[in-house]
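Q: Based on what follows, work out the 3D shape:
(2 chains)
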Amino acid sequence: MKFLDFRAEVAKVVAKACLSLGYGSVEVELSPPPNPSYGDLSCAAPIRVAQRTGEKPGDVAVKVAGEVSGLLPGCKYIGSISPHRGGFLNFTIAYPRFLLDSVNAVLDQHDFGERPQAGKSYAVEHTNVNPNKALHVGHARNLVLGDSLVRIMRYLGNQVQALNYIDDSGAQVADVIVGFRFLGIPDVPPEGAKFDVYCGDSVYTKVNKEYLSNPQLKEKQSLVLREIEKGSGDIAEYATGIVNRILADQLSTCWRLGASYDLLNWESQLLHSGMWAVMFGKMKSKGLVRLETQGENEGCWVIPDPETGEQKVLVRSDGTAVYVAKDIPYASWKIGLIGDPFGYDVYQGEQPDGRRLYSTTLEGGKSDVRFGGAQVAISVIDSKQRYLQRIVSKVLEGLEEGASSRYIHRGYEVVALSRATASQLGHDIEGEYAHMSGRKGLYVNVDSVLSRLKERAAEETRKRNPEQPQAFVDDVAEALAVAALRYELLKQDPDKLIVFDVEESLRFQGDTGPYLVYTYARARRILERAGERPALGEGGAVKLRAPQERNLVRKMSMMDMAADAAMEYLSPREMAKFAHDLAVAFNDFYEGVQVIREADAELRGARLALVDASSLILGRSLELIGVPLRSRI
RNA sequence: GGGCCCGUAGCCUAGCACGGAUCAGGGCGUCAGCCUCCGAAGCUGAAGAGGUUCGCCUCAGACACCGAGGGUUCGAAUCCCUCCGGGCCCGCCA
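A: Residues are numbered from 1 along each chain as shown, chains lettered A, B, ... in the order given. Take a look at the predicted model:
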């Protein structure tokens, strides 16, 4: 987009000026000025030059500015340059040209900054909720982070496979099966309850409580685990049925949140695929694992711990692989260190973006799509697993040089519950917050949060639109609920713990998702009400000289830069911040100038064009973080 | 014991990845304004305590010196070191 062009022009011109002044080649650092009155872009190059030559930074700035001035006639988007005595060069944009090109690129060429399909191929894994319970808000943080990342990566022209790993053979699933088969808990939820919610809230917690007083039940758990791992027989088949029912409910929640996937990877199939044996063999031949013949790990295959250098068990003395070990074949498959043993079937269900969802199978598969073998794999997994992920990465590196740089763990801090919210759930806690726990029943389900948000939103929407039908209110309220939750989970630094408070999350004002959706709708309604086509020509572009207008167009032309930053740091939050900044710039513009009521037809048309373009960009940026749009709310 | 992350006003948060320009941006909460005119889910402004004959008076304070302290630097919220506080991880559990 145009701001990058402007930036590139500035960089070029400064480098050229420094060269002809005999300063040699300098690194041109560019940054936004601290105060908009300084200009649109700042360059600190004179300070660097001054450090080398011993001159005063301000003097260098004056000299460079003088030299640059001579180059300006050949520039498209640089309006002016002024030196600052601190050694900065401040550049302004040549707004009429810049405005015209930026706005019309959006309106005429539908250029939203997407990059050509020239990126890399990625496998992004996220969500990964054990199929024994409903999603809670902590899972939602994972989903929102991963799904937004996928959207942004695709926007930037990358080939992305969104993977959702289904751990259908773990202890958590076994617990639910134990409840149904050995505690006589009915496998039908009470009227009106979702099956996943029922399994998590009622069955799973009940079984775990029972374990404490009933040691024999633990034996049933290992029995179920063995049966599931075997993959055949009555219990295994029953478990498959239960898992499928839970998964279907979980996916409906994921889709409700706007996420979509390309593939469901079943752990049971991974285990039966024979991949582990292949990888284990490779590890042995590369000398990455060692069979201990004495000591406490006697009979186990171990690798050195990346942190302490101590031993880390990979294969138990009974020959079974530990949890991390399962990740090794999966990771290897993702980045193509092993052939693809899977076939793929279509998984029934309609995803929000219409993409087809596939599911791994070991029975050939009816589709000829292929997955795995990406250049880079990104796993969105909470930071607690950093240590284990490092082990996986280290093993991969041992198998193939450079592999660890193609296997990236995108960690994030978890979501905890505020004291007030925990208390509402019937838990008295000690500190200010408490970590969620499925076993203790201390968590807040996504569905329940969404329904509360929706209720609140519906109330407000009805108030504002008394004449609209219920379906309208319902649709808008749902969108606002999703917007509120996604934005709240995304806007925060992933390295910071989120203390979730139900009451707090019901806030729709200020820096929230609904604010963004509102701003978008507000802009679209202006266009609807205007009843005339936006039109921006040379004359109109000259008339757009209010600072609010210029701020708005400058901001909107930086969307691709926000995406680049999000990609570089694997942090979709950059896009969330951009959307918010743009919304603020729009509201500032809205308060500052009149659009429909402007008497000058040319200026009115130009402002309409600006409203149109900037709102489309806002809409596009919201799509990239999965915040749903409505042209009216 | 080893490792990772966090610590910015009453509360929440941005800025840290490349150290710079005058008040370190926002939001929430509180108070006061702005809809006969493009959507008020928005925008603007304010913010010590006590007393009061309601005009002022008295005291306090110059509205986050970025957890504390050092160091590097012309310059540090940002880089380095130490410490303090909080969280997490280090199983032949998953």
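Q: if I've got this straight, A:S82 is in a strand?
A: Yes - judged by DSSP: H, G, I helix; E, B strand; the rest coil, A:S82 forms part of a strand.
Q: Test of understanding: give the bridge partners of the residue lying closest to it once chain neighbours are set aside.
A: Among residues not flanking A:S82 along the chain, A:N90 sits closest, at 5.1 Å (C-beta to C-beta, 6 or more residues apart in numbering). Quick note: C-beta positions are derived from backbone N, CA and C, even for glycine. Counting by DSSP bridges, A:N90 is bridged to A:S42, A:S82.
Q: what's around A:N90, how many residues?
A: For A:N90, the neighbour count with other C-beta atoms under 10 Å is 20.
Q: Do I have it right that it meets A:P32?
A: No - between A:N90 and A:P32 there is no contact under C-beta atoms under 8 Å: 10.5 Å.
Q: Common neighbours of those two, please.
A: Both A:N90 and A:P32 are contacted by A:41-42, under the criterion C-beta atoms under 8 Å, 6 or more residues apart in numbering.
Q: Might you report the residue contacts of A:L618?
A: So A:L618 contacts A:516, A:519-520, A:523, A:556, A:579, A:582-583, A:586 (C-beta under 8 Å, 6+ apart).
Q: What is the most widely separated pair among those?
A: A:L516 and A:M556 (14.1 Å; C-beta to C-beta).
Q: Same drill for the two, tell me which one is more crowded.
A: A:M556 (30 against 26).
Q: Check the gap between that one and RNA strand B for me.
A: 16 Å (C-beta to the nearest atom of the strand, to the nearest Å).
Q: got it, and A:I166?
A: Here the criterion is C-beta to the nearest atom of the strand. By it, A:I166 lies 12 Å from RNA strand B.
Q: can you give me phi and psi for that residue?
A: When read as degrees, to the nearest 10, the backbone of A:I166 gives phi -110, psi 110.
Q: so what's it up against?
A: A:128, A:131, A:243, A:247, A:264-267.
Q: which one of those has the most neighbours?
A: Of the contacts of A:I166, with other C-beta under 10 Å as the count, A:P131 tops at 26 neighbours.
Q: And the pLDDT for it?
A: For A:P131, the model assigns a pLDDT of 96.
Q: cool, the one 5 residues further on as well?
A: Among the per-residue scores, A:H136 holds a pLDDT of 95.
Q: picking that back up, which one among the contacts of A:I166 gets closest to RNA strand B?
A: Ranked by distance to RNA strand B (C-beta to the nearest atom of the strand), the contacts of A:I166 are led by A:E267 at 7.7 Å.
Q: hang on, the closest one packs against A:Q172?
A: No - between A:E267 and A:Q172 there is no contact under C-beta under 8 Å: 11.5 Å.
Q: Looking at the closest residue to RNA strand B within chain A now. What's its pLDDT?
A: Residue of chain A nearest RNA strand B, by C-beta to the nearest atom of the strand: A:G510 (2.1 Å). pLDDT recorded at A:G510 is 91.
Q: if we can go back for a sec, check contacts around the residue nearest to A:S82.
A: A:33, A:38-39, A:41-43, A:81-84.
Q: Let's see if you can find the most crowded of the residues you listed.
A: Result: A:C43 is most packed of those (other C-beta under 10 Å), 30 neighbours.
Q: which ones are touching the closest residue to A:I47 other than its chain neighbours?
A: Excluding the flanking residues, the one nearest A:I47 by C-beta to C-beta, 6+ apart is A:G87, at 4.0 Å. Contact analysis of A:G87 by C-beta under 8 Å, 6+ apart lists A:44, A:46-47, A:50, A:56-58, A:60-61.
Q: Also A:V13?
A: Per C-beta under 8 Å, 6+ apart, neighbours of A:V13: A:68, A:71-72, A:75, A:78.
Q: List just the nearest of the residues you listed to A:A140.
A: Among these, and counting by C-beta to C-beta, the member closest to A:A140 is A:I78, at 44.8 Å.
Q: Do a quick rundown of the helices in the stretch 101-250 of chain A.
A: For the stretch 101-250 of chain A, applying DSSP state H, counting those that start in this stretch gives helices covering A:137-155, A:171-182, A:195-198, A:205-213, A:215-230, A:234-256.
Q: Cool, thanks, talk later.
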